[in-house]
Structure formats: C-alpha cells, structure tokens
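Novice: My questions are about this predicted structure, shown below with the sequence.
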Amino acid sequence: MSFFRISLTPTQRIVLSFAGVIVVGSILLTLPISQLPNSQAHYWDNLFTAVSMVCVTGLFTQPVASSYTAFGQIICMILMQIGGLSLLSFVGLIALQARKKLSFVNLTTLQESFSRADTKNFQGFILSVFRFTFAIEGLGALLLSFHFVPQFGWAKGTFTSIFLAISAFCNAGFDNMGSSSLVDFVENPYLNLVVASLIIMGGLGFSVWFDFQSRLDRKQTRRRLSFHTKIVLSLTVTILSIGTLLTLITEYNNPSTIGNFSFGHKLLASFFQAVTMRTAGFATIDYTQTRPITLLIYAFQMMLGGAPGGTAGGIKITTFLVLIAYARSEIMGLPHTNFKRRTIDNLTIRKTIAVFIVFLSTFLLGLFAISVTDAEKPLRFLMFEVMSALATVGVSANLTATLSYAGQLIIMALMFFGRIGPMSILVSLSTKKPPKSATLQYAKSSLIV
C-alpha cells in the first residue's frame with residue numbers, strides 16, 4: 001500500500017487518486033480493443049468520458065453504445081464503480097483483507113473520502129459499504145434482466161442489466177443502449193421504478209445504510225436511528241415529493257414532454273425526473289423541449305443533490321437544511337440554530353456557509369466562462385449544462401457534444417470539481433500555512449449590512 005505512505009494531506013490524496021484513475025481510464029478506452037470499428041471517439045472524447053464516469057456524472061461527447069466494445073464497456077463499468085466508491089476505498093479494502101492495520105492518517109483519508117464524521121468502527125464501515133454496494137447492484141441487475149433479457153437475449157440482456165445497475169446505483173447516468181438515455185422507456189413503469197430505486201439508494205449515503213445495518217444487528221427499533229439518518233430520509237421524501245409535483249404542474253400540458261401521456265404516466269415521468277435530478281443523469285424526456293421554468297426548477301434540484309457520503313453530488317441536502325435553519329434563526333433573532341430539538345454547532349454552520357459560497361461562486365464562474373467560449377448557445381441551456389456538470393448530475397439539453405473544445409474543457413473541470421468538492425480542491429491546492437496575522441483577533445469594527 002505504497003500510495004498510503006506518500007506524504008500528502010488526505011484531501012490531496014483524494015484529488016490525485018481521482019486524477020490518476022481518469023488518466024489511466026482514458027488511455028484504456030483509447031486502445032483498439034476498446035473501440036468499435038466504426039467508433040467516432042478520439043482521445044479527447046475518451047478523456048471526456050473517463051472524467052464523466054469517474055466523476056459519476058453522465059455527460060458524454062460520444063455515446064457508449066456506438067463507441068466501445070464489450071471490453072471497453074467493462075472498463076466503463078470499472079470507472080463508474082471506482083468513481084462511486086473512490087479508488088481509496090478499494091485500496092483500503094485490499095489493506096483490510098490483507099489484515100494490514102491502517103494508520104490514523106490513512107483512516108482519516110478514507111474517512112474524508114466518505115464524508116464520515118469519525119473513524120469509530122471504520123473498518124467495519126468500509127466492509128459494509130462494499131457488501132451493500134455489490135448486493136444492491138446485483139439485485140438491481142437481476143431485476144433489470146427480467147426486462148432486458150427478453151428484449152436482447154441472455155448475453156446482451158444480462159450485460160446491459162449489469163451495466164445499467166452499476167451506473168444507476170453510482171448515480172453515473174450512463175447507459176449502453178444508445179444516445180437518448182431512457183427516453184424510449186418513459187412509459188415503462190417497471191424499468192423506471194427499478195432504476196429510480198437504485199438511484200435513491202445510492203444517493204442516500206453509506207452512513208445511512210450502515211446505521212440501518214447496525215440497528216438491525218442490535219435488534220433495535222427504528223426510533224433509535226441516528227439523527228442524521230432520520231433527517232436524510234425525511235428530506236429525501238420531501239424533496240422527491242415536491243420535485244414530482246412541480247414537474248407535474250409545469251409540464252402537465254406540454255405536448256413535447258408529458259402533455260400527451262395519461263395521468264399515471266405523467267406522474268411516473270415527473271417522479272423519475274425528480275429522482276434523476278438528485279445527480280443520477282438519466283433522462284426520460286427531452287430537456288430541450290421543457291419550459292424554461294422547469295429547467296430552473298431542475299437546476300435548483302441539481303444544486304441540492306443527495307446525502308453526504310454517498311454517490312450523489314451537489315451541495316448536499318443536509319447542507320441546504322443547515323442554511324435554512326440558520327437563516328430562520330437569524331431572521332427570528334434566536335440565540336442558537338435549532339432543528340428538531342437539536343442545536344447545530346457553529347463549526348458546522350461556518351462550514352456549511354463556506355461550502356455554499358464556494359459552490360455558488362464556482363457555478364457562476366463556470367457559467368461566465370462557458371458563456372464566453374460558446375456565446376452562440378442559449379443561456380438557459382448553458383446554465384443547465386454547467387449546473388449539471390458541477391453537481392455531477394449528467395443531464396443535458398443535447399448540448400455537450402456541440403460545445404467547443406474550450407467549453408468541453410470547462411465542463412470537465414466542473415465535473416472534477418463537483419465530484420471532489422470545490423472546497424476540497426481549494427484546500428488541496430493550498431500548500432502555504434496562513435500567516436500568523438490571519439489567526440489574530442483584532443479590535444472589533446461595526447459594518448453595516
């Protein structure tokens with residue numbers, strides 16, 4: 001485990017591990033054995049795909065189905081799996097299986113890669129992450145095979161089911177059936193619900209599932225679940241319900257999206273969009289045909305993302321909750337930030353505000369840059385693309401492949417920033433210690449705001 005002995009901060013290790021996998025993945029996808037005879041994908045396209053897969057986003061310049069052989073698609077699955085769980089978790093698993101004790105620094109690195117608050121029982125946590133991931137992906141592939149095997153035959157149907165199960169659970173948003181995602185299956189309840197379930201389970205965060213497992217092992221009741229787990233579950237249900245309702249309202253009479261469907265299929269399509277906007281990247285409608293207000297709603301949903309420590313991106317739903325709770329306490333003049341009879345500590349609040357400001361600043365900077373490089377593109381589609389990349393969602397208004405090389409480079413940078421976290425990127429680049437003067441407390445000064 002020589003990688004763990006490199007003298008780097010935990011954040012720098014995470015950044016370098018993802019960058020290394022991207023470079024290796026892009027080279028493997030460029031090999032002749034990975035390319036179909038009629039593939040139009042060049043190294044730039046393979047690099048873009050590798051970035052998108054490792055960052056579990058879903059944007060692409062060339063479709064997987066028309067670019068890569070079975071070997072190339074296996075590489076794609078590996079990249080998505082590593083992107084969802086991180087390379088460091090695999091390294092940590094190997095070390096644990098070899099019965100090698102990890103140092104505190106190494107445990108801290110793994111802890112940070114999973115956004116876990118402490119290292120208590122962390123070895124058991126890592127093992128549970130892999131067991132849970134492969135169990136759910138296996139079950140998902142089995143359920144999907146009931147649909148794809150009759151359609152494609154045993155070999156292709158099984159392979160497609162495994163590919164889609166990994167992509168859905170890791171919130172990667174890739175499929176190996178064509179270039180239009182799941183648009184052809186918009187009225188298929190079985191496929192929609194299986195894929196949506198995989199997306200939701202991946203986006204809840206591994207800490208939630210580990211909490212469930214711990215409570216079941218101890219034969220404790222649901223009321224003993226952690227505060228974090230209860231909040232994540234309630235927020236997930238609330239956001240999915242509101243997202244479904246808003247899509248149903250704004251697109252109800254739009255004949256280009258869901259307007260011509262029955263009410264049941266309208267509800268199904270609206271629910272799937274609410275799920276996929278939590279950083280999944282699959283699509284069952286054409287986003288170029290949605291109303292502008294719908295794209296704005298989707299951009300907000302993408303920003304929220306999923307829960308910390310899972311395969312989802314965005315600022316995270318718990319971050320948004322802390323922001324709302326803090327704003328409420330300030331507006332009402334309360335001395336503390338309370339929620340559900342719990343007080344949120346000041347360190348969490350400061351971190352939350354910093355994450356939100358950095359995320360929003362990165363989004364605005366990316367939007368400004370791509371508006372310069374691709375000025376001829378509609379601004380609402382550029383906004384949608386930038387938020388999709390930064391929140392590692394992967395939905396697109398059919399814009400990605402038409403962007404300039406500079407625009408695609410911006411999108412790649414945003415995907416990488418979004419997967420690692422803009423805050424983490426800035427911390428990893430900071431090698432200098434703050435000057436002593438920055439740590440001093442000076443005389444207080446009033447500033448009108």
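Specialist: Arrived safely, thanks for sending. Residues are numbered from 1 along each chain as shown.

Novice: make it CA atoms for all contacts and neighbour counts henceforth
Specialist: Fine.

Novice: so what does the top helix by length along the chain touch, helix or strand wise?
Specialist: Ranked by residue count and defined by DSSP state H, the top helix of the chain is helix 122-152. For helix 122-152, the elements it packs on are helix 87-97, helix 154-169, helix 189-203, helix 206-217, judged by 3 or more C-alpha pairs under 8 Å, 6 or more residues apart in numbering; DSSP states H and E.

Novice: Repeat the analysis, applying 10 Å as the threshold.
Specialist: Secondary-structure packing of helix 122-152 (3 or more C-alpha pairs under 10 Å, 6 or more residues apart in numbering; DSSP states H and E): helix 70-85, helix 87-97, helix 104-113, helix 154-169, helix 189-203, helix 206-217.

Novice: Nearest to residue 366 among those would be which one?
Specialist: Closest approach to residue 366 among the helices and strands packed on helix 122-152 (C-alpha to C-alpha): helix 70-85, 22.4 Å.

Novice: Can you give the distance of the closest one from its chain's centre?
Specialist: 16 Å (C-alpha atoms, centre = their mean, to the nearest Å).

Novice: Please apply the same query to stretch 24-38.
Specialist: So, by C-alpha atoms, centre = their mean, the centroid of stretch 24-38 is 25 Å from its chain's centroid.

Novice: now what about it, what contacts it?
Specialist: Residues outside stretch 24-38 that contact it (C-alpha atoms under 10 Å, 6 or more residues apart in numbering) are 19, 21-22, 41-51, 53-54, 64-76, 78-79.

Novice: which parts of that stretch are buried?
Specialist: Of all the residues in stretch 24-38, those buried under the rule 16 or more other C-alpha atoms under 10 Å are 25-26, 28-30, 34-36.

Novice: cool, stretch 297-310 as well?
Specialist: Under 16+ other C-alpha under 10 Å, the buried positions of stretch 297-310 are 297-310.

Novice: Can you flag which of those residues belong to helices?
Specialist: 297-304.

Novice: Any stretches of the stretch 101-250 of the chain with poor pLDDT?
Specialist: 101-123, 216-223 (pLDDT under 70).

Novice: which ones are touching the spatially most central residue of the chain?
Specialist: The C-alpha lying nearest the average C-alpha coordinate of the chain belongs to residue 312 (C-alpha atoms, centre = their mean; 2.9 Å). Residues near residue 312 by C-alpha under 10 Å, 6+ apart: 55-57, 84, 169-172, 199-200, 202-205, 278-280, 302, 304-306, 391-393, 419.

Novice: Can you show me the strands along the protein?
Specialist: 338-339, 342-343 (DSSP state E).

Novice: now, of those strands, which is deepest in the fold?
Specialist: strand 338-339 (a mean of 16; mean count of other C-alpha atoms under 10 Å).

Novice: hmm, who's touching that strand?
Specialist: 231, 321-322, 324-326, 328-329, 344-345.

Novice: and residue 448, how many neighbours does it have?
Specialist: Residues near residue 448, counting by other C-alpha atoms under 10 Å, number 3.

Novice: if we can go back for a sec, so which of the buried residues of stretch 24-38 comes closest to residue 188?
Specialist: Nearest member of those to residue 188, counting by C-alpha to C-alpha, is residue 36, at 30.0 Å.

Novice: Now do the closest one, the pLDDT please.
Specialist: In this model, residue 36 is scored at 96, pLDDT.

Novice: now do residue 301
Specialist: For residue 301, pLDDT reads 94.

Novice: mind checking how far it is from residue 389?
Specialist: Residue 301 sits 13 Å away from residue 389, going by C-alpha to C-alpha, to the nearest Å.

Novice: Next, show the common contact partners of those two.
Specialist: 279, 314.

Novice: wait, which of the strands of the chain is closest to residue 409?
Specialist: strand 338-339 (41.2 Å).

Novice: Partner strands of that closest one, with direction?
Specialist: strand 342-343 (antiparallel) (DSSP bridges).

Novice: Tell me how far the strand it pairs with lies from the chain's centre.
Specialist: 28 Å.

Novice: next one: stretch 382-397
Specialist: The answer for stretch 382-397 is 11 Å, by C-alpha atoms, centre = their mean.

Novice: Alpha carbons of it, in CSV - could you do that?
Specialist: The C-alpha atoms that make up stretch 382-397 are tabulated as CSV, following Å, rounded to 0.1, in the frame of the first residue of the first chain:
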residue,chain,number,x,y,z
LEU,A,382,-25.7,26.7,-20.7
MET,A,383,-26.9,27.3,-17.2
PHE,A,384,-28.5,23.8,-17.2
GLU,A,385,-25.3,22.2,-18.5
VAL,A,386,-23.0,24.0,-16.0
MET,A,387,-25.1,23.1,-13.0
SER,A,388,-25.4,19.5,-14.3
ALA,A,389,-21.6,19.2,-14.5
LEU,A,390,-20.8,20.9,-11.2
ALA,A,391,-23.5,18.9,-9.3
THR,A,392,-22.3,15.7,-11.2
VAL,A,393,-25.8,15.1,-12.5
GLY,A,394,-25.2,14.4,-16.1
VAL,A,395,-28.4,15.5,-17.8
SER,A,396,-28.1,17.8,-20.8
ALA,A,397,-30.2,19.8,-23.2
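
Novice: What's the mean pLDDT across it?
Specialist: On average, stretch 382-397 scores 95.

Novice: Mind listing what's buried along it?
Specialist: Result for stretch 382-397 [16+ other C-alpha under 10 Å]: buried residues 382-397.

Novice: quick one on the thing from earlier: please pick the buried ones from the contacts of stretch 24-38.
Specialist: 19, 21-22, 41, 45-51, 53-54, 64-70, 72-76, 78-79.

Novice: Run a quick neighbour tally on residue 192.
Specialist: Residue 192, neighbours per other C-alpha under 10 Å, totals 18.

Novice: so what's the backbone phi/psi at residue 31?
Specialist: phi -60, psi 150 (degrees, to the nearest 10).

Novice: ok, now how distant is it from residue 56?
Specialist: Residue 31 sits at a distance of 22 Å from residue 56 (criterion: C-alpha to C-alpha).

Novice: Who are the contact partners of residue 175?
Specialist: 58, 63-65, 73, 160-161, 163-168, 181-182, 281-282.

Novice: end to end, how far does stretch 280-293 reach?
Specialist: 21 Å.
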